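Enquirer: one predicted model, sequence on top.
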Amino acid sequence: MPVSQYPEGDYRAPVDVLAPGHTYRSITDKLASVVLSKQTPFTWFLVFLVAFMFLQGLLISLTYLLVRGVGIWGNNQPVGWAFPIINFVWWIGIGHAGTLISAILLLFKQDWRTSINRFAEAMTLFAVACAAIFPLFHTGRPWLALYWLLPYPNAMSLWPNFRSPLIWDVFAVGTYGSVSLLFWFIGLIPDLASFRDKAEHPVLKRVYGVLALGWRGSARHWYRYEHAYLLLAGLSTPLVLSVHTIVSFDFSVSVLPGWHATIFPPYFVAGAIYAGFAMVLTLVIPIRAMFKLHDFITLRHIDNMAKVMLVTGLVVVYGYACELFFGWYSANPFERFMLLNRTMVGPYAWTYWMLLLCNFLVPQLMWSKRMRRNLLAVFVVSMFVNVGMWLERFVIIVTSLHRDFLPSSWEMFYPTIWDFMTFFGTIGLFVSLMFLFVRVLPLISIFEVRTLLPDATPKDSSSEGGSH
Amino acid sequence: MAHAATSDAGLYGLLAEFETPRTLMDAVHAVHRAGYTDTDAFSPYPIHGLAEALGFKDRRISTLVLLGGITGAVAGYGLQYWTSVFAYPLNIGGRPLHSWVSFIPPTFEMTILFAAFTAGISMVALNGLPRPHHPVFNSERFERASQDRFFLVIEATDAKFQVDETRAFLAGLGASSVEALDE
C-alpha cells in the first residue's frame, strides 16, 4: 500500500480492512472471547432488557389478535393492506443487505465483506422471521393459512391459485428464508469447530462439537467447502434480486393507480438494499463499541457501507422521480389524481415530504468523507433511512388505497395501539434475537478473517523458478 | 499395504505440525513428490492450492447442483401445471388454465431452492460428515488445527509408509513436531 500523505488519525487517511499486528492466534482468541468469555457487557443487558420488554408486547398483541380477530387493527375498507403489509415489506427489505453482503460481494471479491457478512446474514434470518409474522397473522386465522398458502394434498382437494402474486410471494420468501439459513449454517461450521476446540466447559464443548458436525479442517473438505460456498453465493445472488421483485409484484400486478408501474421491481430491490445497509449500520456501530471490535470492523467498513447506502438511496430517489413522471405521462386521470393526492392535496401528503426528508435529503450528508467516518453522523443518517423506508411503504400502500375509484368508498386509515404494539414488538423480537446471537455464536466469520492475514495464501512453490 | 500392517498394528499414521502456511505448503509438495498418496493436510482456514497439491480434484458438486436445479424446476413447474390444469381447474378472469407466464416465479424459486440445498447437503455428505470422531482428534495438539496451526498426516495404509523413515522425512520438512496417531 502506498504511504499515505495524511498523518495517522486524520479522517482522510486510508484504513485497512483488518488492523495491523494480528496473528492467527490473536484473531481466534479475540473473536472467540466475545462468546466464550463469562463477562457480558452491562450495555448488552440493558439493550436486551428493553428489547425483551417490547417482545412481550408482541406476544400480548398477537394473543389479543387471535382472541378478537383482525378488527383490533386499524385496517378497513378500502385500506385492507395497512400496517401488516407495510411492516412485512419493510422487514423483508432489511434482510436483503445480508444476502447482498455475503453473496454478491463475495462474487465481486470484496475483502471488506468478511468481517460483516456473518452478522448481516443473521440479520437477514431474523428480519425474515419478523416479516413472516405479518402476512401470517394478517390472514386472521394462521392455523388455516397452511392450506391457503402451501400446495399440499388436503382432504378438501383444494390447491392454491398459482396465477396470483401472493402465492409467488410464499415461494419467494420461503425459499429465501431456507436458503439464507443454509448459507448461514454452512458458513458457521468451521467457526463452530474453533469454538469446540477452544471452549473449556464440557457441555459447551459438546454442544459446539455436535453443531460443527466433526469438522476437522481437512484440505479436501475445504476444497469442497469453498466449491459449495461459491455455488451457494452464485445461487443466492439471483435469489435475493428475485425476492423483492416478487414482493413488488404483489403491488404492480394489480390495477391500482400508484401500484401498477413497471419501475417497481428494480425500485423495490434498490430500496431493500438501502434499508438493509442502514439497518446493518444501525446495529454494527453499537455492537462494535460494546464488544471492542474496532480491529475487525474498521472505519473502512463503515465508510464503504455508507457509500453503498448513498448510491442505493439515489437509485430509490430515481424511482420516486419515475413514479411522478409515469403518473403525469400516462395522462390517466386516476393516475394524475393519485399523484396530486399523494404529494399535495391529500391528508397523507405530509408523509410523502417526510419520506423525501428521510430518504433523499438527509443521506446526502454521506457525500462527505468526514461525515462517513463520523460514527455518530452515520448512525443518525442510518436511523433516518430506517424511518424513511418505513414511510415509503406507508406512502405506497396507504395513500394508494385510501382514495378508491369511487369517492363514496373513500376512507381514512388510523392505526390503533395494537398496530403499533405489534410493529414495535417485532423490533423487540429482532433486537432480542440479534443480541442473543452475538452472545452465543461467532458474530464475525473467524476463519474468513484469518485469510486476510498477509501470509495466509502462500504462492505455489512448484511454480517458482519457472519461466517469466 | 502389506508391510505397513504387520509392524504398526493400531497405528493410524503420523501427524506433523507446522507453524506457518508456507512450510505446510512446501511440505505437502515434498510429500507428494516423494510418492506418498494416503495423505491429508489440515488448516484453520481454506488455503488455495493445498488440496490440488495433495493431488486432489473433485468437481462432482457442480454436476449434483445442476441436477438438483433441474429437478427443482421440473418439480415446481409440474406441480403448478398439474394442480392448475388437472387437479383443481379454476377460471380466473378468463385466463388459460395453463398460464405458463404466471408459473415462472415459483418455478424459478423452486430451482434455486433445490440447487442450493443440493450444494449444501452434497458438500457435507461428500466430506463424510457428520463424523463425530476421527483419529486425528486423538492428538492433543490437533485442537489448534481449528485455531492457528497447520497439520499434515501420512496414513499407515500408504504403500511407502515406514514409521521411522517417514517420521524422519516429516521432521526434515520443517515440522515443529511429529507424533504417531492411534487408530
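Expert: Nice, I can see it. Numbering: from 1, shown residues only, chains lettered A, B, ... in the order given.

Enquirer: what about residue A:423, neighbour count?
Expert: Here the number of neighbours of residue A:423 (other C-beta atoms under 10 Å in any protein chain shown) works out to 24. Heads up, the C-betas are built off the backbone N, CA and C, glycines and all.

Enquirer: my error: substitute residue A:120 in the last question.
Expert: For residue A:120, using other C-beta under 10 Å, the count is 26.

Enquirer: what about it, which helix or strand?
Expert: Per DSSP states H and E, residue A:120 falls inside helix A:117-138.

Enquirer: can the following helix or strand past that helix be said to contact chain B?
Expert: Sequence order places helix A:145-149 as the next helix or strand after helix A:117-138, per DSSP H and E. No: applying C-beta under 8 Å from any C-beta of the partner chain, one finds helix A:145-149 out of contact with chain B, separated by at least 11.9 Å.

Enquirer: buried residues in helix A:145-149, which are they?
Expert: Using 16 or more other C-beta atoms under 10 Å in any protein chain shown as the test for burial, helix A:145-149 gives A:145, A:149.

Enquirer: show residues contacting it.
Expert: Helix A:145-149 is contacted by residues A:136, A:139, A:152, A:154, A:156, A:158, A:160, A:167, A:170 when judged by C-beta atoms under 8 Å, 6 or more residues apart in numbering or on different chains.

Enquirer: ok, now stretch A:338-346?
Expert: By C-beta under 8 Å, 6+ apart, stretch A:338-346 touches A:257-258, A:323-324, A:327-328, A:348-349, A:352-353, A:395, A:399-400, A:402-403.

Enquirer: let's go with 10 Å and repeat that
Expert: A:256-259, A:320, A:323-328, A:330, A:332, A:337, A:347-349, A:351-353, A:356, A:395-396, A:398-400, A:402-403 (C-beta atoms under 10 Å, 6 or more residues apart in numbering or on different chains).

Enquirer: stretch B:172-183 close to chain A?
Expert: No: residues of stretch B:172-183 are not located near chain A by C-beta under 10 Å from any C-beta of the partner chain, the shortest gap being 12.1 Å.

Enquirer: filter the contacts of helix A:145-149 down to the ones near chain B?
Expert: Checking the contacts of helix A:145-149 against chain B (C-beta under 10 Å from any C-beta), the matches are A:156, A:158, A:160, A:167, A:170.

Enquirer: could you flag which of these are buried?
Expert: A:160, A:167, A:170.

Enquirer: list the ones among these that fall in helices.
Expert: A:167, A:170 (DSSP state H).

Enquirer: would CSV of the buried ones among the ones next to chain B among the contacts of helix A:145-149 with distance to residue A:89 and pLDDT be doable?
Expert: Listed next are these as CSV, based on distance: C-beta to C-beta, whole Å; pLDDT from 0 to 100:
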residue, distance to residue A:89, pLDDT
A:160, 21, 90
A:167, 17, 92
A:170, 15, 93
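
Enquirer: just give me the closest of the buried ones among the ones next to chain B among the contacts of helix A:145-149 to residue A:306.
Expert: Of all these, residue A:170 has the smallest distance to residue A:306: 34.8 Å, by C-beta to C-beta.

Enquirer: relative to residue A:399, how far out is that closest one?
Expert: Counting by C-beta to C-beta, to the nearest Å, the gap from residue A:170 to residue A:399 is 27 Å.

Enquirer: what do you get for residue A:353?
Expert: In terms of C-beta to C-beta, residue A:353 sits 12 Å off from residue A:399.

Enquirer: looking at the two, which is more packed in?
Expert: residue A:399 (23 against 14).

Enquirer: can I get the ones next to chain B among the contacts of helix A:145-149 in TSV with distance to residue A:313?
Expert: Compiled in TSV, these are given as follows (distance: C-beta to C-beta, whole Å):
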residue	distance to residue A:313
A:156	47
A:158	44
A:160	36
A:167	32
A:170	30
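
Enquirer: how about the spatially most central residue of chain B: what's its closest non-neighbour residue?
Expert: Centroid-nearest residue in chain B: residue B:127, 3.7 Å away (criterion: C-alpha atoms, centre = their mean). Spatially, and ignoring its direct neighbours in sequence, residue B:127 is nearest to residue A:221 (4.6 Å; C-beta to C-beta, 6 or more residues apart in numbering or on different chains).

Enquirer: show me where the stretch 151-300 of chain A has helices.
Expert: Secondary structure of the stretch 151-300 of chain A, counting by DSSP state H, counting those that start in this stretch: helices at A:165-198, A:202-211, A:219-252, A:264-290, A:299-329.

Enquirer: next up, the contacts around residue B:24.
Expert: Neighbours of residue B:24 in contact, by C-beta under 10 Å, 6+ apart: A:219, A:458, B:16-18, B:41-43, B:47, B:50, B:53, B:149-152, B:173-175.

Enquirer: with residue A:415 instead?
Expert: Residue A:415 sits in contact with A:73-75, A:82-83, A:86, A:394, A:398, A:422-423, where contact means C-beta under 10 Å, 6+ apart.

Enquirer: up against chain B, what does the stretch 1-150 of chain A have?
Expert: Looking at chain B, the residues of the stretch 1-150 of chain A close enough under C-beta under 10 Å from any C-beta are A:23-29, A:32.

Enquirer: ok so, going back, export the buried ones among the ones next to chain B among the contacts of helix A:145-149 to a markdown table and tack on distance to residue B:162?
Expert: As requested, these are exported to a markdown table (distance: C-beta to C-beta, whole Å):
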| residue | distance to residue B:162 |
| --- | --- |
| A:160 | 67 |
| A:167 | 66 |
| A:170 | 63 |
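
Enquirer: separation between residue B:101 and residue B:134?
Expert: Distance from residue B:101 to residue B:134, by C-beta to C-beta: 52 Å.

Enquirer: now do residue A:342
Expert: For residue A:342, the distance to residue B:134 - C-beta to C-beta - is 64 Å.

Enquirer: and the two? which has more neighbours close in?
Expert: Per other C-beta under 10 Å, whichever of residue A:342 and residue B:134 has more neighbours is residue A:342, with 24 against 14.

Enquirer: for that one, helix, strand, or coil?
Expert: Of the three states, residue A:342 takes helix under DSSP: H, G, I helix; E, B strand; the rest coil.

Enquirer: for chain B, which segments count as helices?
Expert: B:2-7, B:21-33, B:50-53, B:60-81, B:100-126, B:163-171.

Enquirer: report the buried residues of stretch A:278-289.
Expert: Neighbour count says stretch A:278-289 has A:278-285, A:287-288 buried, by 16+ other C-beta under 10 Å.
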